[in-house]
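K.L.:
just a sequence and a predicted model for now, questions to come.
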Amino acid sequence: MITIMGATGTTAGALLRRLIELNVPCRAVSRTPDRLRAAMSGETQVEVVGADAADPRALRTAFEGSSQLYLAMANSPHQVALEINAIDAAAACGVRHVVKLSSPAVEPDSTVAISRGHWRVEAHLAATGMVPTLLRPYGFMQNLLLNAPAVAEGVLIGAMRDVPCNYIDVRDIADVAAETLLRPGLGGAAYTLTGPQAFSHPELARLLTERTGRSVRYIDLPPDEFHGHLVRTAHMPDWLASHVVEIQQLAIARPESPDDTVETVLGRPARTLDAFLHEHLAMFAPVV
């Protein structure tokens, strides 16, 4: 049995939809099982189970009989503890293979706090004896939609100067995750995942200008001013605003470039940012 932890999350939800497309039986674990059951109405191959990652006993019940686990918890100050809870429960239930959504910069001394957390979780997973498969995606294309209100006003704001940034469609992450779960030969490795092209913020602003037909300009702020903007205007909690600033500053220190892992694993090119923006153009339109 394949169990998906946090099945209403961004990548876990995309993986669940992919396994449904492939008609693969699976178990979906959520803190809001009734809402998920309503969404999964008619999908007979999906077993929905309610469990909170903060409750080890509930996790063991949810994982019972599972052979594989997809683990992707939302970024939060509690992420390390919650993922370790899930890993320990999986090990206690006899899960053999864990596919973990991680970070591209996993180091004990990373300048990105969440990346340091992923390093701790990966080290814990490695010590369990379960087979670890690590997915290391860069920025989600879907997260660009958070910029839609500002883009509709003609601006894109960041603190990345003109350095390139990797983006990947979460559906490609889900497709790679499905392959690692369904093809035993792919398990036990780490996969860095990007789209086919890296874009700087000025390039992204030009692409948005071309696709929307309206002028979009990039405004580059000093890191502390960008942090304040995210807290005041985007209403981000301080820890999340700090995370966004950290990853943008890391891209300056270590300029990003795309790789071909998605195409190698899937046998097709990764989805492009241009295609993603075309698909979601309506979200960037001004409110009238």
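P.N.:
Nice, I can see it.
K.L.:
next SSE downstream of the helix or strand of the chain with the lowest mean pLDDT?
P.N.:
Taking mean pLDDT, DSSP states H and E as the measure, the chain has helix 33-39 as its least confident helix or strand, at a mean of 88. Beyond helix 33-39 on the C-terminal side, the first helix or strand identified by DSSP states H and E is strand 46-50.
K.L.:
who touches that next one?
P.N.:
7, 16, 20, 25-34, 36-37, 40, 58, 61-62 (Cβ atoms under 8 Å, 6 or more residues apart in numbering). Every residue, glycine included, has its C-beta placed from N, CA and C.
K.L.:
L207: how many residues sit nearby?
P.N.:
15 (other Cβ atoms under 10 Å).
K.L.:
list the contacts for it?
P.N.:
F199, L273, D274, L277.
K.L.:
same thing with R120?
P.N.:
V80, I84, P108.
K.L.:
how much space separates it from G9?
P.N.:
Distance, R120 to G9, by Cβ to Cβ, to the nearest Å: 20 Å.
K.L.:
picking up where we left off before, of the contacts of R120, which belong to helices?
P.N.:
Of the contacts of R120, the ones assigned to helices by DSSP state H are V80, I84.
K.L.:
make JSON lines out of the contacts of R120 and add neighbour count and pLDDT.
P.N.:
Listed next are those as JSON lines, based on neighbours: other Cβ atoms under 10 Å; pLDDT from 0 to 100:
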{"residue": "V80", "neighbour count": "18", "pLDDT": "96"}
{"residue": "I84", "neighbour count": "16", "pLDDT": "97"}
{"residue": "P108", "neighbour count": "9", "pLDDT": "93"}
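K.L.:
any chance of the contacts of R120 in JSON lines, plus distance to R217?
P.N.:
As requested, these are exported to JSON lines (distance: Cβ to Cβ, whole Å):
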{"residue": "V80", "distance to R217": "39"}
{"residue": "I84", "distance to R217": "44"}
{"residue": "P108", "distance to R217": "39"}
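K.L.:
give me the element D88 is part of.
P.N.:
helix 79-92.
K.L.:
which strands or helices does that helix pack on?
P.N.:
With contacts defined as 3 or more Cβ pairs under 8 Å, 6 or more residues apart in numbering; DSSP states H and E, the packing partners of helix 79-92 are helix 56-63, strand 68-71, strand 97-101, helix 113-126.
K.L.:
which of the ones you listed has the highest mean neighbour count?
P.N.:
Ranked by mean neighbour count, the helices and strands packed on helix 79-92 are led by strand 68-71 with a mean of 26 (mean count of other Cβ atoms under 10 Å).
K.L.:
where does L156 fall, phi/psi-wise?
P.N.:
Phi and psi for L156, reported as degrees, to the nearest 10, are phi -130, psi 130.
K.L.:
same deal with V151?
P.N.:
Torsion angles, degrees, to the nearest 10, at V151: phi -60, psi -40.
K.L.:
show me the contacts for it.
P.N.:
V151 makes contact with L208, T212, V216, F284 under the criterion Cβ under 8 Å, 6+ apart.
K.L.:
what number of residues lie near the third one?
P.N.:
This means V216. For V216, using other Cβ under 10 Å, the count is 22.
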